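[1] Turn this into a model:
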Amino acid sequence: MMAEKPPLENIRIIDLSRVWSGPMAVRMLADLGAEVILIDAPQTRIKSKESLELLKQAKHNGRYFPYLPAGDPGDDPWNRQGTYNDFNRNKLGITMDLTKMAGQELFKRLVKISDVVVENYTPRVMKNFGLDYPVLQTINPRIVMISLPGYGMSGPYRDFPAYGTTLEQHAGFSSVMGYPDSGPYRTQSTYADPVASVTAASAIMLALIYRNKVGKGQYIDLAQIESSICLLGELILDYEMNGRNPKRMGNRHASMAPHGCYRCKGNESWITIAISSNEEWLSLCKALGNPKWVQEERFSSQTSRWHNQDELDRLIENWTVNYNNYELMNLLQHEGVPTGAVLNAKELVENAHLDKRDYFVKQDHPSVGIRPYPGLPFKFSDIQPTYYRPAPRVDEHTEYVFGNLLGISHEEIEILISKHVIGNNSG
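    So this is what the prediction gives:
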């Protein structure tokens, strides 16, 4: 039986964050019922005809924009950007110029009726606005504020700008990605961003639990680089205990063998296999049909297999290339072999298992139509996520936020719009 009300229904969040790390964290809380007010800068909307024409000209010349539907900027690219629409569902959208005194005063009024403020600027920005935590705390002692700069709010790197594409390397991940004779490499998913997102969502919830106990809010200083370093675990421990720096091993493992990515039938078709015990090895041998070579001395133990991986991988791949990767995954899993097909984006979106679990959420956005978006990465027995609103169009909720929540008259709103303190919802 589902809960009648979402668990965060009475929580209001002001979201100043950009790109991925902050927006995804807040989206998770919005999916659980929090009312989120997303504040963009007035410059978010591409108002100049010249900017829009440059985008259209680039498309005409064959340049592809992967985060726009069909690579097309359309007439309102500010509302069509894929990652923006992905990370901002269930949010209310307004713009506000925080460089102006009037914008700062409006922000303070929102803080007074809110529970959480989220931002991922460099540390100097909120202080320059006159809106850092000491100021907000005097307005609302129960406010929880979280900052997600790349390097945290203290230390010699505090003011360094950062993206996931640089933090991934600085956090040590790239140093172990690659092969012994090549690398370092990076992922294409800016791994530091989603790691910081999940960490931030957890930290916000803990701060709200603390507030419910003691009656006051607090400030959270989350360095994105530190949330990534937490996941290096055994690699850092090896250096701390043994003074050894990890080496790049490609798809191999420090102790497991076979352990790798093997070619299957078809173009760019692969499967991963990871054997951690002799029992799993025997299961793999059974699936292989117990060919004579599995009985050879060089493959008789986990250690001997590890020392003969080149030949072992060649023999396994001679077998895997005869199968479709999905077919082979099912065959091996049936025998108890840990394995997984290597999927691309298309295969993920069309994956039957994920479809059965209702992981992807289809939403109809006025500017991009019906598209699938990732849902929450967990399921509760008694809580139903609230996927009720697509990402807001820029300034879509101007009247609701300033009129309904703050009680500002329509005439006053029009004056604020005319002074470019806030934006209107006409496009």
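[2] Okay, now the unreliable bits of the chain?
    Scanning the chain with the threshold set as pLDDT under 70 gives 1-4, 44-66, 426-427.
[3] Could you list the domains of it?
    12-222+358-418, 259-348 (automatic domain parsing).
[4] Burial-wise, tell me which of those comes out on top.
    Comparing these by mean neighbour count (mean count of other CB atoms under 10 Å), domain 12-222+358-418 comes out on top with a mean of 18. From N, CA and C alone the C-beta is placed, and that goes for glycine too.
[5] Tell me the gap between that domain and the middle of its chain.
    In this view, domain 12-222+358-418 has its centroid 11 Å away from the chain centroid, taken as CA atoms, centre = their mean, to the nearest Å.
[6] cool, and stretch 357-367?
    Taking mean C-alpha positions (CA atoms, centre = their mean), stretch 357-367 and its chain are 17 Å apart.
[7] For my notes, confirm residue 231 occurs in a helix.
    Yes - judged by DSSP: H, G, I helix; E, B strand; the rest coil, residue 231 forms part of a helix.
[8] Spit out the contact partners of it.
    residue 195 (CB atoms under 8 Å, 6 or more residues apart in numbering).
[9] That one and residue 194, how far apart?
    11 Å (CB to CB, to the nearest Å).
[10] Torsion angles phi and psi at the closest residue to residue 40 other than its chain neighbours?
    Nearest residue to residue 40, sequence neighbours excluded (CB to CB, 6 or more residues apart in numbering): residue 95, at 4.8 Å. The phi/psi pair for residue 95 (degrees, to the nearest 10) reads phi -120, psi 150.
[11] going forward, begin numbering at 442 instead of 1
    Okay, using 442 as the starting number, the last item reads as residue 536.
[12] for residue 536, what are its contacts?
    480, 481, 482, 483, 485, 486, 835, 836, 863, 864.
[13] Which two among those are spaced furthest apart?
    The span of those, defined through CB to CB, is set by 480 and 486 at 13.4 Å.
[14] helix/strand/coil for residue 725?
    Per three-state DSSP, residue 725 ends up helix.
[15] Double-check it against residue 778; I have them as touching.
    Yes - in this structure, residue 725 is within contact of residue 778 by CB atoms under 8 Å, at 5.0 Å.
[16] Common neighbours of the two, please.
    Contact with both residue 725 and residue 778 is made by residues 714, 716, according to CB under 8 Å, 6+ apart.
[17] Residue 803: helix or strand, and which one exactly?
    Per DSSP states H and E, residue 803 falls inside strand 801-806.
[18] Have a look at the chain and report its longest helix.
    Secondary structure of the chain per DSSP state H: the longest helix is helix 633-655.
[19] what's the closest non-adjacent residue to residue 826?
    residue 472 (4.5 Å).
[20] on that earlier part again, any idea how far the residue nearest to residue 481 lies from residue 480?
    In terms of CB to CB, residue 536 sits 7 Å off from residue 480.
[21] Quick one: residues contacting residue 624.
    615, 618, 689.
[22] let's see 10 Å
    By CB atoms under 10 Å, 6 or more residues apart in numbering, residue 624 lies in contact with 615, 616, 617, 618, 689, 691.
[23] how about those in a markdown table, adding secondary structure and distance to residue 828?
    Shown next, in a markdown table, are the contacts of residue 624 (DSSP: H, G, I helix; E, B strand; the rest coil; distance: CB to CB, whole Å):
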| residue | secondary structure | distance to residue 828 |
| --- | --- | --- |
| 615 | helix | 35 |
| 616 | helix | 39 |
| 617 | helix | 37 |
| 618 | coil | 34 |
| 689 | coil | 41 |
| 691 | coil | 39 |
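[24] Next, the closest residue to residue 782 other than its chain neighbours: phi, psi?
    Sequence neighbours aside, residue 766 is the residue nearest to residue 782 in space, at 4.0 Å (criterion: CB to CB, 6+ apart). Dihedral angles of residue 766 (phi, psi; degrees, to the nearest 10) stand at phi -60, psi -40.
[25] Residue 766 and residue 788 touch, don't they?
    Yes - the pair residue 766 / residue 788 is scored as a contact, 9.3 Å apart, by CB atoms under 10 Å.
[26] and for those two, which residues touch both?
    Common neighbours of residue 766 and residue 788 (CB under 10 Å, 6+ apart) are residue 782.
[27] returning to that earlier point: what residues are shared contacts of residue 536 and residue 480?
    With CB under 10 Å, 6+ apart, residue 536 and residue 480 have common neighbours 544, 863.
[28] what pairs with the next helix or strand after the strand holding residue 803, and is each one parallel or antiparallel?
    Once the chain leaves strand 801-806, the next helix or strand it forms, by DSSP H and E, is strand 810-815. Within its sheet, strand 810-815 is paired with strand 801-806 (antiparallel), according to DSSP bridges.
[29] Identify the residues contacting the strand it pairs with?
    Against strand 801-806 from outside (CB under 10 Å, 6+ apart): 472, 510, 520-521, 526-527, 530-531, 789-792, 795, 810-817, 826, 828-834.
[30] Now do the closest residue to residue 611 other than its chain neighbours against residue 461, distance only.
    Distance criterion CB to CB, 6+ apart; nearest residue to residue 611, sequence neighbours excluded, is residue 666 at 5.9 Å. To residue 461, residue 666 is 15 Å away according to CB to CB.
[31] do the same with residue 719
    Residue 719 is 42 Å from residue 461, by CB to CB.
[32] Residue 547 now?
    26 Å.
[33] List the ones among the contacts of strand 801-806 that fall in helices.
    472, 526, 527, 789, 790, 795.
[34] will you turn those residues into JSON lines that also has distance to residue 574?
    Output for these, formatted as JSON lines (distance: CB to CB, whole Å):
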{"residue": "472", "distance to residue 574": "26"}
{"residue": "526", "distance to residue 574": "30"}
{"residue": "527", "distance to residue 574": "29"}
{"residue": "789", "distance to residue 574": "39"}
{"residue": "790", "distance to residue 574": "40"}
{"residue": "795", "distance to residue 574": "40"}
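[35] Identify, from these, the entry nearest to residue 540.
    For the ones in helices among the contacts of strand 801-806, the nearest to residue 540 is residue 526 (26.5 Å; CB to CB).
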